[in-house]
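K.L.:
Next input, structure requested:
(one chain, ligands or ions: 1)
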Amino acid sequence: MNYPFNSKDFKTQPYWWDQTPAAETGDSALPAKTDVLVIGSGYTGLHCALQTAAADRSTVVIDAEAAGWGCSTRNGGQISGEIKPGYEELSRRYGSAKAFALIKEARNALDWLGGFVKDQGIDCDYQQCGRFTAAHSPRQFRRLVAGAQQQPAGLEQDLRVVTAQDQANEIDSAYYHGGVVNERHCSLDPAKYHAGLVRLAMQNGAQVITRCEATAIERVKDGFKVSTSRGTIHARDLVVATNGYTGTVTPWQRRRVIPIGSYMLATEPMDLARANQLMPRQRVFSDTRKVVVYFRRSPDGRSLLFGGRVSVFESDPVKSLPALRREMLRIFPQLEDVRISHTWMGFVGYTFDYLPHLGVADGVHYAMGYCGSGICLASYLGNRLGLQLLGREEGNCVFSEPEFQTRPLYNGKPWFLGASVKYYQLLDRLS
Ligand SMILES: Cc1cc2nc3c(=O)[nH]c(=O)nc-3n(C[C@H](O)[C@H](O)[C@H](O)COP(=O)(O)OP(=O)(O)OC[C@H]3O[C@@H](n4cnc5c(N)ncnc54)[C@H](O)[C@@H]3O)c2cc1C
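P.N.:
Here you go, the predicted structure:
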């Protein structure tokens, strides 16, 4: 579909792929056996593989598509280290000590990731840019202010309230009613980060084999026999790192992860003065709606990268592009004349309790369900999973503890999604 607002070189692929195409992994054959087989070559799988390969366990990572084809090269590049449920909700569920531990460990993961990228010298435009969380109504602004003023003891963060009168320093939009800045949050180029991880994992001895789909898993005496589209492999340890792309080959995990499409667009480059006017700092942005939108400037500062969910049911990103653009124009009507250069989508892995999970079921290790915060949490949980496989104490992780829940009649296809999106859209309008 060629819309009048498309740029001449409009592409239906992630903005990031222009500069960083899928990492080259060679074309090695699938070995007959390995110590560790990882299904999925995103952040989770590669961080796990990096640990096991560096400890001299033979490690093979397979992906049904190109390396990092899933969310890990198509996300928005916003990094928070936050989990969705708040302290009160978690305290109700698990008690205050566990609530504290869950929030604290996720936040520590943000510091850990920054240290990892720096220590490994991964060139991925990593920046501690801060986040502006914008209030979509006066009521939501008051809620943000109350949240900033009444933080749980020991979990205080430096949150700065910005009123609607002062918000032009953050964002040139009359749509919002003020917001809160959290200076800890960061950004990166997700595909560059992924390419750096592929390089590191391979340098440490991991084999990454692409276009190799796991099609059947059989438990055998000393591990697993895994059938793939490129032959059969025997693995002593098996790791599932498929998150929002978890398929029928791992039905236990599939019944626990809810794939929800998230849609993005990129504008054509603007001149810098115009982009600076729009968002004077290179922050990442999200808002208080339940059906959230998120946006930022590209690392070169010239394009707006805007994401969210505008369709009730899953849709072709090209079909939903006009609605996504309308959403962008509600916030930034001054961009009416700016053309759109890219659109794409991917499946975020949600869970029924809105927490990520790490564990082992029927002998199969997994980490997944990052609920949209996977740059930090997939990296961290993948790393912990690798350490657990090595029997190392540093692998202990509080996200192994909550039960990984499913629901009756759920088999991996979220038939309830349309109704949920409508309900949340209604709540957003009412608030
Ligand atoms: C549009 C969008 C925007 C996002 N924005 C952000 C953001 O700003 N910040 C943030 O923190 N997170 C964001 N996320 C989420 C984040 O990208 C993910 O949580 C994270 O990348 C998950 O990494 P992963 O390694 O677990 O899974 P993925 O990167 O999705 O990798 C899973 C891989 O498994 C492979 N696979 C599946 N089944 C098989 C099989 N049977 N055999 C072999 N391979 C298989 C798939 O091909 C895929 O490549 C976003 C996601 C999307 C879609």
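
K.L.:
so who does the closest residue to I258 other than its chain neighbours touch?
P.N.:
With C-beta to C-beta, 6 or more residues apart in numbering as the criterion, I258 has its nearest non-adjacent residue at 4.2 Å, and that residue is Y350. Using the backbone N, CA and C atoms, a C-beta is placed for each residue, glycine as well. The neighbourhood of Y350, defined by C-beta atoms under 8 Å, 6 or more residues apart in numbering, consists of 257-260, 369, 371-372.

K.L.:
for V348, same thing?
P.N.:
71, 244, 259-262, 370-372, 374.

K.L.:
Going by neighbour count, which of the residues you listed are buried?
P.N.:
The neighbour count (16 or more other C-beta atoms under 10 Å) marks 71, 244, 259-262, 370-372, 374 as buried among the contacts of V348.

K.L.:
G301: neighbouring residues, count only.
P.N.:
By the criterion of other C-beta atoms under 10 Å, G301 has 13 neighbours.

K.L.:
How much space separates it from the ligand?
P.N.:
Relative to the ligand, G301 is positioned 17 Å away (C-beta to the nearest ligand atom, to the nearest Å).

K.L.:
likewise G363?
P.N.:
Plainly put, G363 is 17 Å away from the ligand if you go by C-beta to the nearest ligand atom.

K.L.:
For that residue, give me the backbone phi and psi.
P.N.:
Taking degrees, to the nearest 10, you get phi 80, psi -10 for the backbone angles of G363.

K.L.:
who's in contact with it?
P.N.:
Contacts of G363 by C-beta under 8 Å, 6+ apart are 219, 224, 238.

K.L.:
before we move on, what about V284?
P.N.:
With contact set as C-beta under 8 Å, 6+ apart, V284 has these partners: 76-79, 129-132, 185-187, 294-296.

K.L.:
So in terms of bridging, what pairs with it?
P.N.:
R131, R296 (DSSP bridges).

K.L.:
Model confidence score at it, please.
P.N.:
According to the prediction, V284 has pLDDT 98.

K.L.:
Which of the contacts of V348 fall in strands?
P.N.:
Counting by DSSP state E, the part of these found in strands is 259-262.

K.L.:
Average pLDDT for the strand or helix carrying L200, rounded please.
P.N.:
Remark: L200 resides in helix 190-203, with elements defined by DSSP states H and E. For helix 190-203, mean pLDDT is 98.

K.L.:
close enough to count as contact, F5 and I340?
P.N.:
Yes. At 5.5 Å, F5 counts as touching I340 under the criterion of C-beta atoms under 8 Å.

K.L.:
Quick check: next helix or strand after the strand or helix carrying G349?
P.N.:
In the assignment (DSSP H and E), G349 maps to strand 340-350. Where DSSP H and E defines the elements, the next helix or strand beyond strand 340-350 is strand 357-361.

K.L.:
Show me which residues of the helix or strand just after that next one are buried.
P.N.:
For strand 357-361, the following helix or strand on the C-terminal side (DSSP H and E) is strand 364-368. Buried residues in strand 364-368, counted by 16+ other C-beta under 10 Å: 364-368.

K.L.:
Tell me the one of those nearest the ligand?
P.N.:
M368 (5.8 Å; C-beta to the nearest ligand atom).

K.L.:
For that closest one, which non-adjacent residue is closest in space?
P.N.:
N243 (4.5 Å).

K.L.:
next one: L155
P.N.:
Closest to L155 by C-beta to C-beta, 6+ apart is I103, at 5.7 Å.

K.L.:
how close does the one you found get to the ligand?
P.N.:
16 Å.

K.L.:
for P4, same thing?
P.N.:
From P4 across to the ligand, the span is 24 Å (C-beta to the nearest ligand atom).
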